[in-house]
Every structure is written in C-alpha cells, then in structure tokens.
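Peer 1: model the structure of this input:
(chains A, B and C)
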Amino acid sequence: MKLSTKLLAATAMVSASAASAVELEVTHWWTSGGEAAAVSKFADAWNATGNTWVDGAIAGSGGTARPIIISRIIGGDPMGATQMNHGRQAEELIEAGLLLDLSDVAEAGGWADLVNPSSLLESCTLDGKIYCVPVNIHSAQWIWLSHSAYENAGLSVPTDWYEFAASAGDLQAAGTLPLAMGQQGWQQNIAFGAITLAVAGLDAWKGVNVDKNADVARGAEYTAAFEAVAAARAFAVGSNVQDWNLATNMVITGSAGAQIMGDWAQGEFAVAEQVEGEDYSCLPGLGLNDVLDTGGDAFYFPVNDDPEITAAQKEMAALLISPEAQVSFNLAKGSLPVRGDIDMSTANGCMQKGLEILASGGILPSSDISFSQDTTLQIEDLMAQFWSSDMSAADAQASYANLIENAD
Amino acid sequence: MADITMTGPRGPKPKKAFSRANIFLYGTLIMVSMYYLLPLYVMVVTSLKGMPEIRMGNVFGPPMEITFEPWVKAWSQACTGINCDGLSRGFGNSVRILIPSLLLSVTIASINGYALSNWKFKGSEVFFTILIIGAFIPYQTMLYPIVILLREIGLMGSIGGLVLVHTIFGMPILTLLFRNYFASIPEELFKAARVDGAGFWQIYFQIMLPMALPIFVVAIILQVTGIWNDFLFGVIYTKPSTYPMTVQLNNIVNSVQGIKEYNVNMAATLLTGLVPLIIYFASGKLFVRGIAAGAVKG
Amino acid sequence: MTVASDPPLRTAKRPNRLFKNMMAKIASIPMILTALVVFVGGTAWTVVYSFTGSRMLPKTKWVGLDQYERLWDSDRWIISIKNLGIYGGCSMVLTLVLGFCLAACLDRKIRFESAFRTIFLYPFALSFVVTGLAWQWILNPDFGLQSVVRGWGWETFTFNPINDPDTVIFGLLIAGLWQGTGLIMCIMLAGLRGIDDDIWNAAKVDGIGTVKTYVVVIIPMMRPVFITALVLIASGIIKLYDLVVAQTGGGPGLSSEVPAKYVIELMFRAQNLGQGFAASSMMLLSVVIILIPWAYLEFGGRKNG
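Peer 2: Modelled structure (predicted):
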C-alpha cells in the first residue's frame, strides 16, 4: 500500500499529463497586486499540467481568511489545497487527522536535501511525517525608504535605523510623514519585532522569542528597544491607513519616508515599476544586523476520500516546490525560494541581499513557530494598543514581559 | 409586536401654514433629511467620478465628467486574487441562495404559525417561547455548533447548508408574524370548517392560505432583505465559489491592488444595496409593516 | 364536541383526536427541531465547552472557570465591553430621542409625510456592510467631510473620528444611528397613531401646551411602545459586528473592538475556542438579563393573545 502510493506520487511527478484532469480549489489570502501576480504563476503552472486551478482568494489578510479555511476543513467540506503560514497554526488539524500526509512525495522529491534552511521543513513535520509544502521564505525585518521623499526634503537616504530616526524630524519639517504605518496589530507587531531585533540585538531577541525568557523581556536591552519603538510611534502620527499595501503605496508615492514591513512589500514596488536603488531602498535588519527570520507561506492539503483528488493533491505538492514554479512565483512575490539549488540571478537588489544573508546563515526562526496563534494575537493586541495610544514604553514593556511569561 | 397601520395623522391641526412652529418643524425635518440622504448622494456621485477627480478631494461635488466605468468594473472586472469577474458571480449566488431560502422559510413558518394559533398541542407554546428567545441570542453563540451540525448532515459549504441556516434563523420572527396573523382571523371560520370535517391541511390550503396573502407579502419582503443583506453566515458557511454578494463586496473592497479605487468601491456598494432598495421603494407601506414586525430579527 | 352520551362514537373519536394532534405535531417538526437542537442544544453546547481548554478543535479538557478569569483579565475584552457600553448607552438614548422626535414631527399633520418617512427609513433596507463602507468614505479625512470643510477655508477644521482612537466609537455611532433610527421612528409613529384624539382634546381644554402634553401625557401612555423599542435597540447593540468589520475593522489599534468581534477573533483567529465560547456565554448572559423582564411583560400578561 505504502509502496503503491509512493509509486503513484513518483509517476505523477514524472508525467503529470498522464493523470486525468482534476479541479482543485485552492484557498489563499494573496489579494494585493504583487501577491495576485505571484499566485497566478502557480495557477498557470498547475493549469499547464492539464488540471484546473479553482482560485479561492479570500480578501483581508490571514486573520480574515484563516477562520474560513479552518471552519471549512473542520466542517467536512475541505478545499483541495490551502495556504497557511507554517508554524503551529495547523498542529491540531494534523492531530485530528484532517491534513494529508505528504511524506511520500517529500521522500520521492528529496525535499530533505534541497529545502534550505531545513527549519522550514521541520516546521511542516509532526511526529516524523511531513504535512505541508513550504513555498517561500518571508522575513519581516525590513525597512523600505522612499528616495523621492528624501530628495524633496533635501536629505540623503538613511542607511540604518539610527540615521532614519535622526532624519525623521527634518522629514516632518518638510511636510512628509516619516513612517507609514497601517493601523493593524500585526503590522505594528512586525515593526516592533524589527526594531527590537535591531536595537536590543540578536541574543536578547532570541532570549525572548525562542526561549520565552520573561527576564530578558524585562531587561535593559528591551527597555532601549521599547523606547525606540515609542520614538517610532511618534514618527507615524498621522498615518491614517489600515492596509499594509496602502502604507507601502505612501512610500511609493513619496508621501511617506519609510515603512517597516516584510519583504512582501517588494511585490508592490515591482507592480508600480519602481527600481531598487533609484526609486526606493531596502534595508534588511533595519541596516543594523544581517539576520532575517524565516517565516513564510506553506500549502496544506486537507484529507479527501476521493483517491483521484488525493493523487492530484500530491501532484500539486510536488509542482509547488519544483524549480520552475519556485523561480517564477518568488520573483513575482518578492520572497525567497525554499530551495537553495536554483538560479535566482534575475532577482533584484533587495532579494539578492536577502539571498546573501540566507546563504551566510543569518537565520532566525520565525516567531510563528515559537508562539501559538493565541499568544501571537495577545502580543498583537498589546502592540495595537501601544501604537494607537500614549501608553508609556515602560508600561508596554511590563505588559509584554507578562505575556512572554505566560506564553505558550 | 407593534402592528403598524398607517391611518391618518392624529395631532391637532396646525393653525397657519407659515407659523413659526411650522417653519421650525419643516426646517428640522429638512435638516434631518439631509443627514439621511447625504451618504446615498455621496455614494452615487463618487461612483460616477474618475479617480483623478476623486483625488482632487471634494466628495460632495457633482461629477464634472460622468463616467460609468466604475460601475462596469465593479460588476464584471474587479479582482479578488486572480478572479477578476467582479460582483456578477456574487449576484448569481445571492439569487441562488435567496430563492430556496425564501420558499423554505416562508412555507415552514406559515405552517408553524398556523399550527400554533389553531392547533395548539401540549408543549407548543414552550417551543414557541424558545424560538422567540432564540431570536435574541447572539449568533456567535451558535456559530460553532452549526458548523458541527452542517458537517454531520454533509451540507457544510454548500448552498443547501446556507439555505438551512437562513431557514433556521428566519424562523422565530416569521413564525411570530404568522402566528399573530392567524390568531387575528375570526375563530368562527376555523370552527365552521372543522364542523364540515375539514382536516389540518384542508383548512390550511383552502381557508387560511388565501386569507393570509398580505402577511405572505410582508414575510417575503422581510426575508428578501434579511437574506440579501446577510454577511456573517455567508462568510462562515460558504466557500469562494458560492459567496453571496455581500461577502464578494467585502472582498472586492478589501483587495486593494495598488491604490484604493473609491469609485469602484462605491459602485460595488450601491450595486449590492440595489436589490433591497428597489424592494423598499416598490413596496412602500408593506415594507414598513414588515420591518416593524421583523425588527426582532435584528 | 359533546357527544359523551353515545359510547360507540366516543371510541371512534379518540384516535381521531390523536390523529388531529399528530398532524399538527408532524407539521411542527421543523420548528421543534430548530428550537431544541439548534437553539437549546447549540447554546448549551457552547456554554458547556466554555469550561474546557479547547483550542482549535473542541475537546473535553475541563479547566473550570479559567476561561472566564482570562476573559475578564483581557484588555481586548474590557475595551470591547467599554466600547459596547458607550456605543450602547449613546445609541439607546439618541435612537429613542431622535426616533420619538421625528415621529412626533411627522405626526403633526404635515405635508409630504410619506416622503419624509421614506427618507428616514431607507437606510434600514441596506446592510451594515454597505452602511459601514459608505460612512467610512464620507469620514475619510483626506477626501471626505474634513477635507471639504477645509477646502471652504476653515483650515484647522478637524473631524476625523474613524482614525482617532478616542472618538472612533462616535464614528460608528453616526453610521449606526443613520441605519437604525428610521425603524424606531416607525414604531413610535405607530404608537402615536394609536393614541386617541380625545386625549389631545382634553389636554387642549386644560390648556396644556403641545410639548408639555407630549412629555407629561403622551410618553407615559406609550410605555409599552418604548419598552418594545428599547428591547429592539438593545438586541441590535449586542449583535453589533458587521458594521465594525466594514467601517473600522476594530481599529485604530483596539479602539473600536466589540464583544461579538472578540468571540469571532478568539474562536477562529487566535484558535482558542474555549475563550471564544466563554465570551459568547457572557454575551448570552447579558441578553438573558435584558430579555427576561421584557418577555414577562410582553408575553406573561396575555397568555391567550
């Protein structure tokens, strides 16, 4: 039995066209311009195999989409495949036997050797079995700077966070908003994470985000970090947008100086046909330390009774990680590929920076992997409150340390 | 429930046409009317402007150059992910959800109301009370159990499942409506039919149904607007291929690709609101009766 | 049906009577199932599981009152409750006052009454999603009301409720009132129409002014109408969800979060079902507290209505 499925998966990969055409509904929350362009690469690749990609886009970020995805899986009406961030989000669904075991596909495709960093595959693994296909690597510690905003203010473009902070006053005087910030907890949490990593340093960051050590969160490094975040909050006063890509658009148009956002913002610059180094700059690790976390997206395949669909699911799993799909998808999305053996020379400057850091091993685990969704939401709530009020840095730090103490 | 019948006004007659009190009265009414009409006006003018004109910033100004492009885009081109077929698919789904939900919920509720007012049995009032209290329970309390229920009967994610959910949550108020109506029909009619040997269904179809036509209209208006405007159930119990129009609207408005196209958003918003608005303006007083009775549904 | 004197007939009647009840019972099966399985069963299920530590999937891992302790410890929940309190209080008072005043105006034998009524009521035909989006656009600081007034020359004019954490709840209120007052006005108008002309004549004879008559005589007479209106408003307030999602998404920050949204977010986004169930049980409890006195007044009084 085991052998035959393995064979089936292997043949499916070799001769995709031999399999009969199957419609697979794929749910995801990639709806911004760059994201939609990227997902259509996957769809085209899948349709080219003679199967049909039924697109199930759900607008409004993962927070809106995840409930719908989960209630459908739990409700016994699963989609063919679904995007989810890897990490702990799917743990219970796997334990309940609702997600397809992809170990045979992974073995046939040699994923263990080609997925880089290997932590990506580990976060898809539970009890030695593989349940998801990592499709890209996203890191959140980037700041995006608008050249036109700095030129208009007669300033040179900063090269790290401290220079940016120093220039903020002059930008403001020139009538430009220094920092664009979407008013949503997860975006504010990304900015918080990036600033703490840059200011508090790698060891302190790991102490909190990996070891969940509340004493580190109460320590002096984090006090400095919280003060830096409080300063950043002052730079973002008057930023009235909600969606992250509207904030990115402020940087693109030069109405804001900068935005702290993950590397997926890259896709928006690409859609707006802006050139890295001329129209905008990007600084990984806020220009202070060359480390990036390795979160990202993965595809899960809910268990299905129909063997034909199961076979198609495995075929799709193999396709998503194939070199061609990886290159075209990640170039459009602005994310890094999950395999180290492919040629990304056509990638632009920002992605090259990311690839270099990845190659040199400056890798952090994503906090998606260490914290449960529940804890993540609590931290995001705290950040949402902090950024939208005049809460003091010390109070925020105390609350944060409490959350870390009780984190799971 | 208050039953609204619009007979003539009852206040004392005003003395003069242009008394100070009258000017104050009409002044107030006109001011308040502006607050109510403003959003509709703004939506209409925004939806007819091009994006460059919108960026110039006067939401209240009439369009200098009328364009129907936003309407076309909202209906057939706006994108969610890689699906760029606008609201049209959602409209079709809403119709496919609406018609069976309407038939099923109105039929069941009219039978319930009839049984409750003419054929009371032991416990019937208890069930009715539970139903009425159920109308007030926050839907959130029942969301998850219904996911399980739909899974057990295999209807999760299908239009059938959503039809069932609408039938369930429309039942309290519709039953109340029909029960009160049937209770107001003279009992002699029912008794005479009983003496003639007519049974449950005979009396329902031959006597009650023809008499209940007005209340059926009210119930239908109530359900059409209620089901059409639903967002919560549509978002939780369907899937992208069966999304109703409200969910599609929210998707389109929230999938910003590049800049936010306010004109398309407003055209999409108006398109979604069109069906209940048409019903409202066409049905007039019956609608007022319907929502006053149906307000419990919330 | 008094045919007790005839024994054969009586025996014939029995199964017939049973059959009669049977038919009504069979016809009521959908109602009975809905009442018992969905409303009673579903609610009880939720309450029971609020005492468990269920995360993404329901599990019977009992944790006592832990979920409730965490609930009342959570800033998000406290903010939600406070917001609902402010929104609810304002909305209740303003809806009643506005609804009554508008109804009284329309009841003054005016011209174009039906035109005004149509205008006041049409928003009720629109969904909360539509309402929220429309007002989000009007209140947009860069293009909406604020920029227009600034364009008139009042450069410092600031009216930006949906982006200011301190006033965002009033931004919701403006939209909520717009959508909901028409209905209350209709109910009030029906109540006013139900008041006998003789009352007005008597007040006139006694020389009581119009406004005073409303306050002293009419309003006390309309108590049942006010109670109905109050219950309608209250049940709508507790369910407040779609409007927030469409208009503000709960932001900026957490400043426009509401309990119904807390339930959905915790159940599905934080994948903490137990916490979501605890929150919805608290909502249920508050509904019961509102409902019991009303149900007693509305249905307890006239059993055979």
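Peer 1: what's the neighbour count on A:Tyr341?
Peer 2: In this structure residue A:341 is Asp, not Tyr. For A:Asp341, the neighbour count with other C-beta atoms under 10 Å in any protein chain shown is 11. (C-beta placed from N, C-alpha, C; glycine too.)
Peer 1: I should have written A:Ser255 there, sorry.
Peer 2: When counting by other C-beta under 10 Å, one arrives at 16 neighbours for A:Ser255.
Peer 1: now the longest helix along chain C, how far from the centre of its chain.
Peer 2: The longest helix of chain C (DSSP state H) is helix C:75-106. Counting by C-alpha atoms, centre = their mean, to the nearest Å, helix C:75-106 is centred 10 Å from the centre of its parent chain.
Peer 1: in it, what's buried?
Peer 2: Within helix C:75-106, the residues that count as buried by 16 or more other C-beta atoms under 10 Å in any protein chain shown are C:76-77, C:79-81, C:83-84, C:87-88, C:90-92, C:94-96, C:98-106.
Peer 1: point out where the stretch 51-200 of chain B drops to low pLDDT.
Peer 2: In the predicted model, the stretch 51-200 of chain B carries pLDDT under 70 at residues B:57.
Peer 1: recalculate using a threshold of 90.
Peer 2: For the stretch 51-200 of chain B, the stretches with pLDDT under 90 are B:51-67, B:69, B:73-90, B:117-144, B:147-148, B:151-158, B:170, B:172-200.
Peer 1: need the strands for it, in chain order.
Peer 2: With DSSP state E, counting those that start in this stretch, there are no strands along the stretch 51-200 of chain B.
Peer 1: which bits of it sit near chain A?
Peer 2: Contact residues (C-beta under 8 Å from any C-beta of the partner chain) of the stretch 51-200 of chain B with chain A: B:79-83, B:147-148, B:150-151, B:154, B:156-158.
Peer 1: close to chain A: what parts of the stretch 1-150 of chain C are there?
Peer 2: By the rule C-beta under 8 Å from any C-beta, the part of the stretch 1-150 of chain C lying against chain A is C:Arg55, C:Met56, C:Leu57, C:Ser74, C:Asp75, C:Arg76, C:Ile79, C:Pro141, C:Asp142.
Peer 1: the last one belongs to a strand, doesn't it?
Peer 2: No. Under DSSP: H, G, I helix; E, B strand; the rest coil, C:Asp142 falls outside any strand and is assigned coil.
Peer 1: still on that earlier bit, could I get the residues of the stretch 51-200 of chain B next to chain A in JSON lines, plus columns for distance to A:Lys333 and neighbour count?
Peer 2: JSON lines is the format used below for these (distance: C-beta to C-beta, whole Å; neighbours: other C-beta atoms under 10 Å in any protein chain shown):
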{"residue": "B:Cys79", "distance to A:Lys333": "17", "neighbour count": "19"}
{"residue": "B:Thr80", "distance to A:Lys333": "17", "neighbour count": "28"}
{"residue": "B:Gly81", "distance to A:Lys333": "13", "neighbour count": "25"}
{"residue": "B:Ile82", "distance to A:Lys333": "13", "neighbour count": "21"}
{"residue": "B:Asn83", "distance to A:Lys333": "18", "neighbour count": "20"}
{"residue": "B:Val147", "distance to A:Lys333": "32", "neighbour count": "22"}
{"residue": "B:Ile148", "distance to A:Lys333": "36", "neighbour count": "15"}
{"residue": "B:Leu150", "distance to A:Lys333": "35", "neighbour count": "24"}
{"residue": "B:Arg151", "distance to A:Lys333": "34", "neighbour count": "18"}
{"residue": "B:Gly154", "distance to A:Lys333": "37", "neighbour count": "13"}
{"residue": "B:Met156", "distance to A:Lys333": "31", "neighbour count": "27"}
{"residue": "B:Gly157", "distance to A:Lys333": "28", "neighbour count": "24"}
{"residue": "B:Ser158", "distance to A:Lys333": "33", "neighbour count": "16"}
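Peer 1: for stretch C:124-131, give the mean pLDDT please.
Peer 2: For stretch C:124-131, mean pLDDT is 87.
Peer 1: okay if I get the residues of the stretch 1-150 of chain C next to chain A as TSV plus distance to A:Ala21?
Peer 2: Shown next, in TSV, are the residues of the stretch 1-150 of chain C next to chain A (distance: C-beta to C-beta, whole Å):
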residue	distance to A:Ala21
C:Arg55	38
C:Met56	34
C:Leu57	34
C:Ser74	50
C:Asp75	52
C:Arg76	47
C:Ile79	51
C:Pro141	51
C:Asp142	49
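Peer 1: and those residues, which two are the farthest apart?
Peer 2: Pairwise distances across the residues of the stretch 1-150 of chain C next to chain A peak at 44.3 Å for C:Leu57 and C:Asp142 (criterion: C-beta to C-beta).
Peer 1: for A:Gly56, phi and psi?
Peer 2: A:Gly56 adopts backbone torsions of phi -120, psi 60, taken as degrees, to the nearest 10.
Peer 1: wait, what's in contact with A:Gly339?
Peer 2: To be clear, residue A:339 is Arg; Gly isn't right here. When contacts are counted by C-beta atoms under 8 Å, 6 or more residues apart in numbering or on different chains, A:Arg339 touches A:Leu114, A:Val115, A:Asn116, A:Ile321, A:Pro323, A:Gln326.
Peer 1: hang on, I meant C:Arg55
Peer 2: A:Glu92, A:Ser372, A:Asp374, C:Gln271, C:Asn272, C:Leu273, C:Gly274.
Peer 1: distance of the third one relative to A:Asp381?
Peer 2: Counting by C-beta to C-beta, to the nearest Å, the gap between A:Asp374 and A:Asp381 amounts to 11 Å.
Peer 1: who's more crowded, those two?
Peer 2: For A:Asp374 versus A:Asp381, the count of surrounding residues by other C-beta under 10 Å is larger for A:Asp381: 23 against 18.
Peer 1: which one is the more buried one nearest to, not counting chain neighbours?
Peer 2: Once flanking residues are discounted, A:Asp381 sits nearest to C:Arg76: 5.1 Å by C-beta to C-beta, 6 or more residues apart in numbering or on different chains.
Peer 1: quick one: contacts for that neighbour?
Peer 2: Going by C-beta under 8 Å, 6+ apart, C:Arg76 touches A:Asp381, C:Leu254, C:Glu257, C:Tyr262, C:Glu265.
Peer 1: let's see which of these end up in helices.
Peer 2: Per DSSP H, helices hold the following members of those: A:Asp381, C:Tyr262.
Peer 1: same list, the contacts of C:Arg76, but as a markdown table with pLDDT please.
Peer 2: Shown next, in a markdown table, are the contacts of C:Arg76 (pLDDT from 0 to 100):
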| residue | pLDDT |
| --- | --- |
| A:Asp381 | 90 |
| C:Leu254 | 87 |
| C:Glu257 | 92 |
| C:Tyr262 | 92 |
| C:Glu265 | 86 |
